[in-house]
Structures are given as C-alpha cells and as structure tokens.
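J.: got a predicted model here, sequence first, then my questions.
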Amino acid sequence: MFAAGCGTWDKQRDAEVRRPARGVAKVAVDVRPDRPAQPDRPITVSVRDGRLYAVNLVGPDGKPVPGGNAAGDTTWSNSQPLAYATTYTLTAAAVDSFGLTSTHTESFTTLAQDAELRVHEVLPEADSTVGVGMPISVTLEKPVTDPARRAEVEKRLVVSASTPVEGAWGWVDDTTVRYRPRDYWPVGTKVSVATSLLGVDFGNGVFGAGGKQIGFGIGDSVLATVDSAAHTLTVKRNGTDVKTVPVTTGKSGFTTRAGTKVVLGKEPHVLMDGTTVGISANSSDAYRLDVYWATRVTWSGEFLHAAPWSVGSQGNANVSHGCVGMSTDNAKWFYDQVKLGDVVMVVNTGDPKSMEPTGNGYGEWNLSWSDWLAKSTTGAGAAQRL
C-alpha cells in the first residue's frame with residue numbers, strides 16, 4: 001500500500017553544495033536474511049537522509065497489506081498481521097532534500113505456523129479475582145529445557161503489580177513456568193503479566209510468538225486450617241477468625257496430605273468413585289458416591305466436601321479416604337466462602353504424607369523461598385509497578 005508524504009523537502013539552495021547525480025536517501029527494511037519474518041511482528045521500513053514517499057507491501061495475490069508512515073515520514077510499518085509461510089515483496093520509495101527519489105525492493109518469507117512457540121494457557125484467567133495463594137501459571141505449547149532459553153522466557157513474562165511485590169518464576173516441568181510471590185499476594189492488588197515471546201530464538205528454526213497482557217485482581221485473604229488431630233476446620237478472612245466447624249479427615253492408609261494447598265476449583269456435585277484413585281471395586285474400602293459442595297485442592301482427588309454419612313465421626317475421628325468431610329450445611333458454607341487461589345493448610349496428620357510441591361495442584365507454598373528460587377533461571381525480583 002503506497003503511503004505518500006505531504007510533499008518533498010525543499011531543494012538544496014546552497015550553491016556550494018552540488019546536486020548529486022542520484023538520490024542520497026537510504027532505505028532499510030528490518031527483515032533478516034538468516035531467518036523468516038514473524039507474521040505478528042510488524043515489518044518496519046526506515047529511511048536515512050530523506051523521507052519515505054511511498055511503501056507497497058504485497059503478497060502472492062498482489063493485494064496490498066495496510067500500513068502507514070509514522071510522524072516525520074521516516075518510518076513505515078504494516079498495521080495488519082502477515083500470513084504464515086508466505087512470500088511478500090516490499091517496495092519503498094524515498095525522497096531526499098534535493099527532490100531525488102531512491103527506491104528499494106526486498107522480498108522475504110514469513111515463518112511457518114508450526115515453527116512458532118506460543119503460550120498455550122495463562123492462569124488465572126483475565127479479569128478474574130483470585131485468592132492470595134494463587135500463582136501465575138503459564139503453559140507453553142512446546143517444551144523448553146535449555147537454561148538460557150528458559151531465562152529468555154522468564155524475562156519476557158513481565159509481572160506488574162499495583163502493590164510492591166517480590167517474586168520469581170520457577171519451572172515446574174518443561175512446558176510450565178509459574179510465578180510465586182515470596183509471600184502471599186497483598187489483598188486488593190491488581191496484577192498483570194505480559195505473555196509475548198515474540199522474537200525469542202528457541203533453536204531449530206523455532207521462534208517465540210506474540211501474546212497478550214493478562215490482568216487479574218487479588219481478593220480477600222481466605223485461609224483455612226484443617227487440624228486432623230483436633231478434627232476441625234477454621235476459616236480466617238483477612239486475619240480474623242470467621243468460623244470453626246467439625247470435620248473428618250483421612251483414616252490410616254488414606255491419610256490426608258499435610259501441608260499448604262490452594263483451591264483449584266469448586267463443583268456443586270461430583271460423582272466420586274474409588275476405582276479412579278486405585279481402590280478396587282471389590283475392596284471393603286470401595287465407594288461410589290454422589291458428593292455435593294466439593295472444593296478441590298489436589299488433582300489426585302482431595303476435596304473438602306459434604307459427607308452426611310460421616311457426621312457422627314466429624315469432630316472426633318478420621319474416617320475418610322483422604323478428603324476433608326463435613327456436614328452438608330457446613331460444606332455449603334465453606335463452598336460459598338472460598339474462591340480459586342484461596343489457601344487450605346492441613347496440619348497435625350501424624351503422617352509423613354505431604355502435599356507435593358509440584359504436579360498435584362499448586363503446591364509451591366510448601367517450598368522454602370530458597371528452594372523455589374532453585375527452580376528459577378533469573379532469580380527473584382520486584383514486580384513492575386502498575
């Protein structure tokens with residue numbers, strides 16, 4: 001698409017300066033001969049010793065790609081993303097102070113779609129409100145194992161917060177990197193994370209793709225403590241005790257994991273089947289139950305939920321298969337209190353079985369700060385200020 005300026009510079013009137021035989025304006029295009037262009041990165045045309053007069057960028061179909069000059073007519077860039085694996089031809093004309101025109105033509109090919117590494121998922125979701133224990137979890141479409149390239153990913157995933165926060169990215173597997181603050185998020189903090197990996201060279205012809213800015217908010221601090229020895233669950237909101245209810249936790253052989261867990265989700269009804277966690281259908285421990293008001297804290301199947309069948313044991317004995325059971329009314333009350341990212345701490349189980357730091361939910365809070373930093377390639381740093 002041609003983008004003409006308002007006019008040419010005044011011709012050089014100094015008699016001592018000779019008019020050159022040809023234009024002196026130098027046009028450059030920011031494409032590299034050693035790598036394909038990335039479709040979502042605008043192509044920039046620039047000029048030295050002149051002004052851009054016209055730029056035309058076309059694909060195989062001859063249709064111009066929209067774009068325009070920046071103020072001063074010294075740069076041009078396209079305003080519409082390019083197609084993948086497509087050859088484009090760019091022609092740019094510039095005029096110098098003598099009114100002479102220089103023309104530059106260049107062809108280039110864009111990257112194939114499968115040669116881009118994209119961010120597959122970011123949690124929490126955009127515009128959500130989460131608890132103080134919620135990490136930022138970024139899942140990539142392809143594994144990254146090289147420390148130098150992991151460092152580039154961490155540098156690009158920039159976290160900003162409205163309240164001062166120290167935190168660090170850490171790799172929990174080859175495709176997942178998470179940001180954990182040193183301490184729980186401050187209540188009321190607004191957070192955003194940049195997700196663009198554009199331009200990162202991952203080797204073997206793979207390059208990082210563009211992304212979005214994802215923002216979310218931190219709600220009230222809701223911390224629940226399950227005391228397996230006392231058979232109680234106590235909820236604090238913003239540091240104040242709200243309620244303590246009787247519960248039952250895992251019996252011998254099915255002990256509830258000790259440690260700090262984070263709410264992963266809530267379901268008003270779940271069909272729980274013991275065969276899904278390795279209990280034989282013929283075992284005396286077999287079960288298949290409709291369960292209500294279930295708050296999930298591990299991917300392996302630990303919930304806090306209504307267990308009307310064990311009300312007689314709640315408050316005085318541990319009889320469950322690992323979940324935290326309570327009356328239907330108390331389970332509904334707890335379900336209504338909590339949200340994604342709220343914290344559940346299980347103590348006094350009398351068993352070494354503990355929450356996994358990675359792989360079974362958000363177990364990062366069970367690592368010391370120094371142990372968490374060992375999973376990072378760039379180390380700790382302050383979040384940028386929103």
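T.: Right, received. Where do you want to start?

J.: okay, helices next: where are they in the chain?
T.: 147-156, 328-337, 369-373 (DSSP state H).

J.: tabulate those helices in JSON lines, adding columns for mean neighbour count, distance to residue 68 and mean pLDDT.
T.: For the C-beta atoms, the positions are set from N, CA and C on the backbone; glycine is no exception. JSON lines is the format used below for those (neighbours: other Cβ atoms under 10 Å; distance: least, Cβ to Cβ, whole Å; pLDDT from 0 to 100):
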{"stretch": "helix 147-156", "mean neighbour count": "17", "distance to residue 68": "28", "mean pLDDT": "97"}
{"stretch": "helix 328-337", "mean neighbour count": "17", "distance to residue 68": "53", "mean pLDDT": "98"}
{"stretch": "helix 369-373", "mean neighbour count": "14", "distance to residue 68": "46", "mean pLDDT": "98"}
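
J.: output those as JSON lines; include the columns distance to residue 117.
T.: Shown next, in JSON lines, are the helices of the chain (distance: least, Cβ to Cβ, whole Å):
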{"stretch": "helix 147-156", "distance to residue 117": "9"}
{"stretch": "helix 328-337", "distance to residue 117": "39"}
{"stretch": "helix 369-373", "distance to residue 117": "25"}
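
J.: quick one: pLDDT of residue 250?
T.: Listed pLDDT for residue 250 reads 96.

J.: ah, wrong one, I meant residue 280
T.: So, for residue 280, pLDDT stands at 69.

J.: repeat for residue 34
T.: 84.

J.: one more: residue 124?
T.: 98.

J.: all strands of the stretch 251-386 of the chain, in order?
T.: For the stretch 251-386 of the chain, the strands defined by DSSP state E, counting those that start in this stretch occupy 259-262, 265-273, 288-296, 303-306, 324-326, 343-347, 381-382, 384-385.

J.: of the ones you listed, which is nearest residue 367?
T.: strand 259-262 (9.8 Å; Cβ to Cβ).

J.: tell me who's in contact with the nearest residue to residue 269 once chain neighbours are set aside.
T.: Leaving out its chain neighbours, the residue that sits closest to residue 269 by Cβ to Cβ, 6 or more residues apart in numbering is residue 292, at 5.6 Å. Residue 292 sits next to 268-270, 305-306, 328, 331-332 when contact means Cβ atoms under 8 Å, 6 or more residues apart in numbering.

J.: any idea how many residues pack against the residue nearest to residue 188 when sequence neighbours are not counted?
T.: Nearest residue to residue 188, sequence neighbours excluded (Cβ to Cβ, 6+ apart): residue 218, at 6.3 Å. Counted with other Cβ atoms under 10 Å, residues neighbouring residue 218 total 26.

J.: residue 102 and residue 22, how far apart?
T.: With the distance defined as Cβ to Cβ, to the nearest Å, residue 102 ends up 7 Å from residue 22.

J.: of these two, who's got more company?
T.: In this view residue 102 and residue 22 are compared by other Cβ under 10 Å, and residue 102 has more residues nearby, 19 against 10.

J.: wait, the more buried one sits on residue 26?
T.: Yes: counting by Cβ atoms under 8 Å, residue 102 touches residue 26, with 7.2 Å between them.

J.: joint contacts of those two?
T.: With Cβ under 8 Å, 6+ apart, residue 102 and residue 26 have common neighbours 50, 94.

J.: which residues of the stretch 251-386 of the chain score low on pLDDT?
T.: Applying pLDDT under 70 to the stretch 251-386 of the chain flags residues 274, 280, 284, 286.

J.: now with 90, please.
T.: Residue ranges of the stretch 251-386 of the chain with pLDDT under 90: 270-290.

J.: check the stretch 51-200 of the chain too.
T.: Ranges of the stretch 51-200 of the chain meeting pLDDT under 90: 72, 199.

J.: all strands of it, in order?
T.: Counting by DSSP E, counting those that start in this stretch, the strands of the stretch 51-200 of the chain are 51-58, 67-69, 75-78, 87-95, 101-109, 116-117, 119-123, 129-130, 136-140, 159-161, 166-173, 176-181, 190-194.

J.: next one: the second one to chain centre, how far?
T.: The reference is to strand 67-69. 32 Å (Cα atoms, centre = their mean, to the nearest Å).
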